[in-house]
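1. turn this into a model:
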Amino acid sequence: MRLTVSNLGPEFRLEDGREIYGQGIWAPCIRYHKGTFYIFSNVNRYGTQVFRSTNPAGPWKLNPLGTRLYDLSVLFDDDGRIFSCHGVDEIHLSEINSNVTDVIAGSERVIIRRGSGMGEGLHFYKINGKYMIITARPGAHTPMRCARADKLDGP
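-> Residues are numbered from 1 along each chain as shown. Model (predicted):
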């Protein structure tokens with residue numbers, strides 16, 4: 001996939017022998033919702049970025065998310081609200097505004113406490129009415145964990 005819009009600098013466009021790939025784009029989350037494809041990703045030095053397009057071949061529009069969210073995954077819920085789970089070990093939940101430009105102030109809360117065995121690189125889904133968060137445990141012998149709940153906030 002070739003992004004047709006990138007204002008993040010020459011190292012992201014591979015100009016003049018520069019490159020940043022593998023050094024700072026982490027844990028992308030790809031979603032499709034109501035005719036739009038979204039890619040959410042953490043970009044070193046630039047924070048959390050949102051790429052969106054009505055066609056997966058582009059063109060893509062880029063906007064920063066006003067808040068940095070570590071290894072986020074995004075869920076467009078059945079009621080029209082948008083949520084992100086994010087973090088490592090301690091998992092947070094935040095609501096994202098309808099323009100997908102920032103987190104709604106005061107919405108962030110911890111939904112899985114530190115030490116529960118969750119990892120990073122989150123994947124957040126709602127399947128058959130159940131909320132699921134899947135994580136990778138770096139360096140663990142059981143590398144993937146899944147938390148499941150009937151409600152968005154758990155337990």
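
2. in stretch 105-115, which residues are buried?
-> Residues of stretch 105-115 classed as buried: 108, 111, 112 (neighbour count, 16 or more other CB atoms under 10 Å). Glycine gets a C-beta too; all of them are placed from N, C-alpha and C.

3. now, which of those residues sits nearest residue 128?
-> Distances from residue 128 to the buried residues of stretch 105-115, taken as CB to CB, are shortest for residue 111 (19.7 Å).

4. give me the nearest residue to that closest one, chain neighbours excluded.
-> Sequence neighbours aside, residue 93 is the residue nearest to residue 111 in space, at 4.6 Å (criterion: CB to CB, 6 or more residues apart in numbering).

5. residue 115 too?
-> residue 89 (7.1 Å).

6. what kind of secondary structure is residue 146 in?
-> Judged by DSSP: H, G, I helix; E, B strand; the rest coil, the three-state class of residue 146 is strand.

7. which residues touch the residue nearest to it when sequence neighbours are not counted?
-> Nearest non-adjacent residue to residue 146, counting by CB to CB, 6+ apart: residue 134, 4.8 Å away. Residue 134 makes contact with 122, 123, 125, 144, 145, 146 under the criterion CB atoms under 8 Å, 6 or more residues apart in numbering.

8. quick check: buried residues in stretch 72-80?
-> Across stretch 72-80, burial judged by 16+ other CB under 10 Å covers 72, 73, 74, 75, 76.

9. what's the spacing between it and its chain's center?
-> Distance, stretch centre to chain centre, for stretch 72-80: 11 Å (CA atoms, centre = their mean, to the nearest Å).

10. show me the buried residues of stretch 72-80 that map onto strands.
-> 73, 74, 75, 76 (DSSP state E).

11. check the gap between the residue nearest to residue 115 and residue 145 for me.
-> Look at residue 89 and residue 145: by CB to CB, to the nearest Å, they are 11 Å apart.

12. pLDDT weak spots in the protein?
-> For the chain, the stretches flagged by pLDDT under 70 are 1-7, 21-24, 139-142.

13. ok, now with 80
-> Counting by pLDDT under 80, the chain shows low-confidence ranges at 1-14, 18-26, 44-45, 137-143.
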